[in-house]
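Undergrad: dropping a prediction and its sequence here:
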Amino acid sequence: MMCDASEMLAAALEQMDGIIAGSKAMNYTNGLFDCQSPTSPFLGSLRVLHLLEDLRAALDLMDPGEKESLRSQVSETTAEGLIEWLQGQLTNGHGSAAGDLVYQERLSRLESDKECLVLQVSVLTDQVEVQGEKIRDLDSSLEEHRMKLNATEELLQQELLSRSVLETEKLELLTEVSSLKLKLAAAEGDCRKSEVRKMRLQLTSMEDERQEYESSLNSTKVRVPHGQVIITQHKINSSEYAYFLAICCKIHPIVGYILAVEGERKGTEHLDLAGVQTQKTKALVTHSPEGKKKSKGIMKMKRSQSTSSDLGDSPESEFRRGGVRATAGPRLGWSRDLQRSNNNPFSRWSKEQVCEWLQNHDLGLYVNQAKQWISSGQTLLKASQHELEKEMGIRHPLHRKKLQLALQSLGSEEEDAMGKLDYNWVTRWLDDIGLPQYKSQFDEGRVDGRMLHYMTVDDLLGLKVGSVLHHLSIKRAIQVLRINRYDPNCLRRRPTENNPTPAEICQWTNHRVMEWLRSVDLAEYAPNLRGSGVHGGLMVLEPRFNVETMALLLNIPPNKTLLRRHLANNFHLLIGSEAQRLKQEYLENPDYTVLTATAKVKPRRLSFGSFGTLRRKRQEEMEEYVCPMDVQMPQSSSFHKGLCIYEDSLDQLEQV
């Protein structure tokens, strides 16, 4: 702005100087115009005047004769023009006074314009100075702000650097804590093993002492009367057994508890006069397969049937499955099985009984058509797939499968625990394993616990479950249910004070896994597991699910190596050495691929030529179960109790 004003001022001054210089050229100098100004508009007139002066001087120097001869040579036209011009009105040989006044007025006006311009120039100069001051102030303030900005940026860089250093130190400390936890767990394991060895030695020594006592008692039976033998041996064996239990409780509470339960179960077997020896206590503490088979009778604990109708059964026989505890009905919402209350076989059931049975199995929407077609239970038993679809209108393949599985379970005398888990429980189970997005499909298919047990890959694809990760999640969740004999309350949703074992971690829900992430300082990544299908059973039992998959699901960037190392340490510490070994073996497989959330299950395609042989194949060969019946079970000692129970009933479940 200052430069523009200066240029305007210079241009105005130059214009004024030119005008004033042009006006001054009109002044007379010795009767002639001043011809020094190069901008004078009267240069032509001055030349004429100079020529006239030269003519006059030349004529003065000539003789009269020469003047006359020269005059005769001038043309008449030129002479007349000069005479006419010279005879015009002259004032002392100069221009008219009117022209002089005009030029004077013009000159005065130009002088006044010049003064005005000078005044404007002074005003503009003042404004330029003021604007210059403002510009200098703005420049100084801008420089000051720049300095402040640079200082702030330096402080920010220092803060970011210090924060990164603190985060690095924090992750290093967390890594050190994880390593210390691993060392602590290893030390506790060694201590526990040493305690078990000591306990076995003490049990062996006590067993030897017991045998010595029994041999001494047998040797004294000959010298005392028969009745006194009974009383004496009863007192000695009772006190001896109490002393034995007290020592076992001091050594290890769990072994003492097992021995006490075994003693209650055996009743008064140790009071036999023949002095029958009890089972070896070594079978109680061993974890080998042979030990499990020997101690199976000890590990099984009977339960009472408070609501069973078979009250006349002897207490020595195995309880009859199918009964429900008195407190289980109001708490779990189970209804008493109609089959157990009806003594007639299903083929002789009436139409009303069959319709009520369908209603109890969540197939009430087909009751109206069933009343028109079914005459007795035999109608359903002999019905084919086509007849079920045509006569009863069961077009949903899962509904037909549900009905067939329920009919097959009628011939089983074992307790049908999986059949008591209705489709409402299954929808809540989907919430627990982290797959709530499939609740509507499972609810529409009326999927219950029995259908989960026999769920196939094609069934899951029909339920719009196409992710490989979600298939594996459902597979391991079903395996957890099998290990826990389809206990509806087996899943753990809240943390406990004790350190969890791998068997307990298998029972963790998706919400419990997120709580674990918060406890290991990964709370900001925990919400990423919602709807992922990650639960405890998937983490422990699935060899394809490793730390890399966990980090991908949590959206932890690959460049955050310390954070991923922290996750790996806590993950390995959580799942245990056995599960980590299986995952490492699978990781070293040449065909290994990272398990991601985007991988899809490819449906199995049957060739056209194989349709003729499908009827001759067994159903187990045709169908691929999501969780196979012979799926590999964990070998950790924490699973032994559940696995013993599961192995007892696996053959019976497969026959159903």
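TA: Here it is on my side, so go on. Residues are numbered from 1 along each chain as shown.
Undergrad: can you get me a residue count around the closest residue to Ser409 other than its chain neighbours?
TA: Spatial nearest neighbour of Ser409, chain neighbours left out: Asp416 (5.3 Å); criterion: CB to CB, 6 or more residues apart in numbering. For every residue, glycine as well, the C-beta is placed using N, CA and C. The burial count assigned to Asp416 is 22, neighbours taken as other CB atoms under 10 Å.
Undergrad: for Asp416, give its distance to His453.
TA: 10 Å (CB to CB, to the nearest Å).
Undergrad: over to Pro64?
TA: As for Pro64, its distance to His453 is 159 Å (criterion: CB to CB).
Undergrad: and these two? Which one has more around it.
TA: Between Pro64 and His453, counted using other CB under 10 Å, His453 has the larger neighbour count: 23 against 7.
Undergrad: the more buried one: what's it in contact with?
TA: For His453, the contact set (CB atoms under 8 Å, 6 or more residues apart in numbering) comprises Met418, Ile478, Leu481, Arg482, Tyr486, Cys627, Leu653.
Undergrad: likewise Gly434?
TA: Gly434 sits next to Ser473, Thr509, Asn510, Val513, Leu529, Arg530, Gly531, Ser532, Gly533, Val534, His535 when contact means CB under 8 Å, 6+ apart.
Undergrad: what about the fifth one, how many residues close to it?
TA: Translated: Leu529. By other CB under 10 Å, the residues close to Leu529 number 19.
Undergrad: what's the closest non-adjacent residue to it?
TA: Closest residue to Leu529 apart from its sequence neighbours, by CB to CB, 6+ apart: Met514 at 5.5 Å.
Undergrad: please report how far the residue nearest to Ser409 lies from Val367.
TA: 22 Å.
Undergrad: would you map the helices across the stretch 51-200 of the chain?
TA: Under the criterion DSSP state H, counting those that start in this stretch, the stretch 51-200 of the chain carries helices at the ranges 64-73, 76-86, 97-220.
Undergrad: give me the below-cutoff pLDDT ranges for the stretch 201-350 of the chain.
TA: The model of the stretch 201-350 of the chain has pLDDT under 70 over residues 221-343.
Undergrad: ok so, going back, quick one: list the elements packing against whichever strand or helix holds the residue nearest to Leu529.
TA: Per DSSP states H and E, Met514 falls inside helix 510-519. The helices and strands touching helix 510-519, judged by 3 or more CB pairs under 8 Å, 6 or more residues apart in numbering; DSSP states H and E, are helix 423-432, helix 536-541.
Undergrad: returning to what we had before: how near is the residue nearest to Ser409 to Glu444?
TA: For Asp416 relative to Glu444 (CB to CB), the value is 24 Å.
Undergrad: cool, Thr78 as well?
TA: 129 Å.
Undergrad: between those two, point out the one with more neighbours.
TA: Higher neighbour count among Thr78 and Glu444: Glu444, with 13 against 9, using other CB under 10 Å.
Undergrad: circling back to that earlier point, could you tell me the average pLDDT over the helix holding Met514, please?
TA: Taken as a whole, helix 510-519 has a mean pLDDT of 95.
Undergrad: before we move on, what about stretch 440-460?
TA: 94.
Undergrad: buried sites along that stretch?
TA: Neighbour counts over stretch 440-460 (16 or more other CB atoms under 10 Å) mark 441-442, 445-457, 459-460 as buried.
Undergrad: run through the strands of this protein in chain order.
TA: 28-29, 32-33 (DSSP state E).
Undergrad: weed out the non-buried ones from the contacts of Gly434.
TA: Neighbour-count burial (16+ other CB under 10 Å) applied to the contacts of Gly434 gives Ser473, Thr509, Asn510, Val513, Leu529, Ser532, Gly533, Val534, His535.
Undergrad: with just CA atoms, put stretch 546-555 into PDB.
TA: Provided in PDB are the C-alpha atoms of stretch 546-555 (Å, rounded to 0.1, in the frame of the first residue of the first chain):
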ATOM      1  CA  ASN A 546      -3.100 -68.100  18.300                       C
ATOM      2  CA  VAL A 547      -1.700 -64.700  19.400                       C
ATOM      3  CA  GLU A 548      -1.500 -63.500  15.800                       C
ATOM      4  CA  THR A 549      -5.200 -64.100  15.300                       C
ATOM      5  CA  MET A 550      -6.000 -62.400  18.600                       C
ATOM      6  CA  ALA A 551      -3.900 -59.300  17.600                       C
ATOM      7  CA  LEU A 552      -5.700 -59.100  14.300                       C
ATOM      8  CA  LEU A 553      -9.100 -59.300  15.900                       C
ATOM      9  CA  LEU A 554      -8.100 -56.600  18.400                       C
ATOM     10  CA  ASN A 555      -6.800 -54.300  15.600                       C
END
